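Enquirer: give me the fold of what follows.
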Amino acid sequence: MIIALFSEIVMVETLTRTRLARVLPKGMELSHFMVLNHFARLGGERTPAQLARAFRVTKGAMTNTLARLDAAGYVHIRPDWEDGRRKWVALSPTGRAARDLAVAAIEPVFDDVVAGLGLDRMRSALPILRRLRELLDEDAARSDPRPG
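Expert: Residues are numbered from 1 along each chain as shown. I've put the predicted structure just below:
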């Protein structure tokens, strides 16, 4: 049963990524959207290391994503005035607008899925999927060899 469950989750993720990639604004990758959406939901500033931990990617991968977002004007990156080795990242107004444009493009892409499953069934699945992610995330945090 566990293999079947995780096989379905992996296939759902693959098919979802494919649909999303087709409708994102020109030049925006899914990783870019995810970072922009993270900031839009939570606000504030984050360090590249904090973002890397949140997305379970290497600092190098996050630095690359942030460099592309910065070049597009979607984020502001500033030095840490107290620790010159660290930087802080925040969502720019242009980044907020790009994220909102992406959300508007994404929502109708899944209308057929919502119609096929029903909104109530999707809502009822969300707490289970969220708890599954939390459990897996707790385990990943415990086994992550990178410092806090």
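
Enquirer: how much space between the spatially most central residue of the chain and residue 3?
Expert: The chain has residue 34 as the residue nearest its centroid, 2.8 Å off, counting by C-alpha atoms, centre = their mean. Residue 34 sits 27 Å away from residue 3, going by C-beta to C-beta, to the nearest Å. For the C-beta atoms, the positions are set from N, CA and C on the backbone; glycine is no exception.

Enquirer: also residue 97?
Expert: Residue 97 is 43 Å from residue 3, by C-beta to C-beta.

Enquirer: looking at the two, which one has more neighbours?
Expert: Taking other C-beta atoms under 10 Å, residue 97 and residue 3 do not tie; residue 97 has more neighbours (13 against 7).

Enquirer: quick check: which element contains that one?
Expert: Assigned by DSSP states H and E, residue 97 belongs to helix 93-106.

Enquirer: residues in contact with that helix?
Expert: 20, 23-25, 28, 33, 36-37, 39-40, 69, 72-75, 91 (C-beta atoms under 8 Å, 6 or more residues apart in numbering).

Enquirer: nearest to residue 54, of those?
Expert: residue 39 (10.7 Å; C-beta to C-beta).

Enquirer: and the closest one, what does it touch?
Expert: Going by C-beta under 8 Å, 6+ apart, residue 39 touches 46, 75, 89-91, 95, 99.

Enquirer: one more time with 7 Å
Expert: 90-91 (C-beta atoms under 7 Å, 6 or more residues apart in numbering).

Enquirer: what's the answer for residue 143, then?
Expert: Neighbouring residues of residue 143 by C-beta under 7 Å, 6+ apart: there are none.

Enquirer: can you tell me how far it is from residue 131?
Expert: 19 Å.

Enquirer: could you do residue 88 as well?
Expert: In terms of C-beta to C-beta, residue 88 sits 32 Å off from residue 131.

Enquirer: ok, residue 21 next?
Expert: Relative to residue 131, residue 21 is positioned 28 Å away (C-beta to C-beta).

Enquirer: ok, now residue 53?
Expert: Counting by C-beta to C-beta, the separation of residue 53 from residue 131 is 20 Å.

Enquirer: please say which of these two ends up with more neighbours.
Expert: residue 53 (19 against 10).

Enquirer: let me know the pLDDT of the more buried one.
Expert: The model reports residue 53 with a pLDDT of 91.
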